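[1] Need the 3D shape of this:
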Amino acid sequence: MMQQEISFWKNRNVFITGATGLLGPWLIKELLAQEANIYVLVRDLIPNSLFFLDNLDKKVTIILGDLDDLALLQRILNEYNIETVFHLGAQAIVGIANRSPLSTFKSNIEGTWNLLEACRLSPWVNRIIVASSDKAYGAQDQLPYTEESPLQGRYPYDTSKSCADLIAQSYFHSYKVPVCVTRCGNFFGGGDLHFNRIVPGTIKTILDGKTPVIRSNGLLIRDYIYVKDVVDAYLTLAQRMDNSSIVGQCFNLSTDQPFNVIQIVQEILNIMNVKHLKPIIQNNATNEIPEQHLSSHKARKLLGWAARYGVKNGLEETIAWYKNFFTKNHTVTLQEHDRFAPGNPSKGDPSRRSPSWLAPQDERPYHAHGEEKPQVSSRTIVVSNELKNETQP
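    Predicted coordinates for the structure are as follows:
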């Protein structure tokens, strides 16, 4: 850790949405290491999020609430003298967006404009990073995407990210709100318990001694980027925003090494020494863009950032994380993954029961980055060597 990095973040007041998703906990851990004061908005209490598994809830200030509450957002920014905002909170599951477009639009679009409006009215906020996505670009004839490529999402999730991205740009150009936008491909890393995603799902299936399953035709081309590389990019960008020429810009964050789904599965098989397994290809994915990948040339040129881990090293660390996770009696089967997927808004879901130190909450869903709506049923779950019988009527 470089001394100037420590001095930059030391005692800075940082507000993070999406703290219980995949990226949020890793970002929080690095900011804590650099001695920042961290405040997070949490809508659903997700005990199996890395945020709780790593006891980050004991090291930050938690505000219960939702991105649809503008007054609450204003209070947070002003009461805690927030200087830096990382807006990671979103409904980020494509399948949910296809089934429930209105809730996705509300979370991803209205949630973004509420936060930016609160920032506009705050006298303290001097840097904001809004997490967009490569999907904001939609399908394009020219690849890789550059920051000048038009935003033309067509499917519900893609459209929600196009809109949020443009709203962020509008707040900069219209009101000089100090915001930058990041556009990434598929994150992966330890702590992602969405086993319907290709990286954690493949790892879990192999650890179960089963054959990996690919829902698409296996030929969809995507960027994959390790969560620690993303954290490094976000912190680098935030620090560079002291330079006024950086503020208002959009940045693609990529390893510049796209993979199709079969290739990424094969990388995992190779690292886990099970090359003999042949994935089952179901070919039933819908509303998916055939090919997406990004150029990170601008980030390298203006920010001096490049992915340090890359895909192979990132996968090695990720596989090691899951092996350790399951070794510690965090028992999760593929049939049970819905119970462990974050953010279930159903009444009676044990994952929504507030710990004794938190006030009760209502039943409106808040979707942090990477959350999904699972079904809950009666079962016995082993978590950290404790046997718990959790029943849902």
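[2] From Phe251, how far off is Gln292?
    Distance, Gln292 to Phe251, using C-beta to C-beta, to the nearest Å: 16 Å. Yep, even glycine has a C-beta here, placed from its N, CA and C like the rest.
[3] Looking at these two, which is more packed in?
    Phe251 (27 against 24; other C-beta atoms under 10 Å).
[4] what packs against whichever strand or helix holds that one?
    Using DSSP states H and E, Phe251 sits within strand 250-253. Under the contact criterion of 3 or more C-beta pairs under 8 Å, 6 or more residues apart in numbering; DSSP states H and E, strand 250-253 touches strand 179-184, helix 227-240.
[5] And these: which comes nearest Asn217?
    strand 179-184 (23.6 Å; C-beta to C-beta).
[6] End to end on stretch 102-122, go ahead and measure it.
    29 Å (C-alpha to C-alpha, to the nearest Å).
[7] Sort out which residues of that stretch are buried, please.
    Going by neighbour count (16 or more other C-beta atoms under 10 Å), the buried part of stretch 102-122 is 103-119, 122.
[8] now that stretch, how far from the chain's geometric center?
    Per C-alpha atoms, centre = their mean, to the nearest Å, the displacement of stretch 102-122 from the mean C-alpha position of its chain is 17 Å.
[9] Kindly provide the whole-number mean pLDDT of that stretch.
    Computed over stretch 102-122, the mean pLDDT rounds to 96.
[10] what's in contact with that stretch?
    Stretch 102-122 is contacted from outside by 17, 67-70, 73-74, 76-78, 82, 85, 87, 89-91, 96-97, 125, 128, 130, 156-157, 159-161, 163-164, 167-168, 171, 175, 177, 179, 365-367, using C-beta atoms under 8 Å, 6 or more residues apart in numbering.
[11] Sort out for me which of the buried residues of stretch 102-122 are in helices.
    103-105, 111-119 (DSSP state H).
[12] which of those residues lies closest to Phe325?
    Nearest to Phe325 among those, with distances taken as C-beta to C-beta, is Thr104, at 28.9 Å.
[13] Could I get the full set of helices for this structure?
    Counting by DSSP H, the helices of the chain are 3-9, 23-33, 50-53, 70-79, 94-99, 101-105, 111-121, 156-175, 198-207, 227-240, 261-271, 297-298, 310-327, 337-340.
[14] tell me which helix or strand of the chain sits lowest on mean pLDDT?
    Lowest by mean pLDDT, DSSP states H and E among the helices and strands of the chain is strand 379-383, with a mean of 28.
[15] From Val247, how far off is Trp113?
    Distance from Trp113 to Val247, by C-beta to C-beta: 19 Å.
[16] got it, and Trp305?
    16 Å.
[17] neighbour-wise, which of the two wins?
    Ranked by neighbour count (other C-beta under 10 Å), Trp305 and Val247 place Trp305 first, with 21 against 18.
[18] Contacts for stretch 65-81, please.
    Residues contacting stretch 65-81 (C-beta under 8 Å, 6+ apart): 13, 15, 17, 39, 41-43, 61, 63, 82, 85, 89, 106-107, 110-112, 114-115, 117-119, 121-125, 364, 366.
[19] Kindly apply the preceding question to stretch 283-297 instead.
    Residues contacting stretch 283-297 (C-beta under 8 Å, 6+ apart): 94, 98, 134-135, 137-139, 143-146, 155-156, 158, 183-185, 215-223, 251-256, 258, 305-307.
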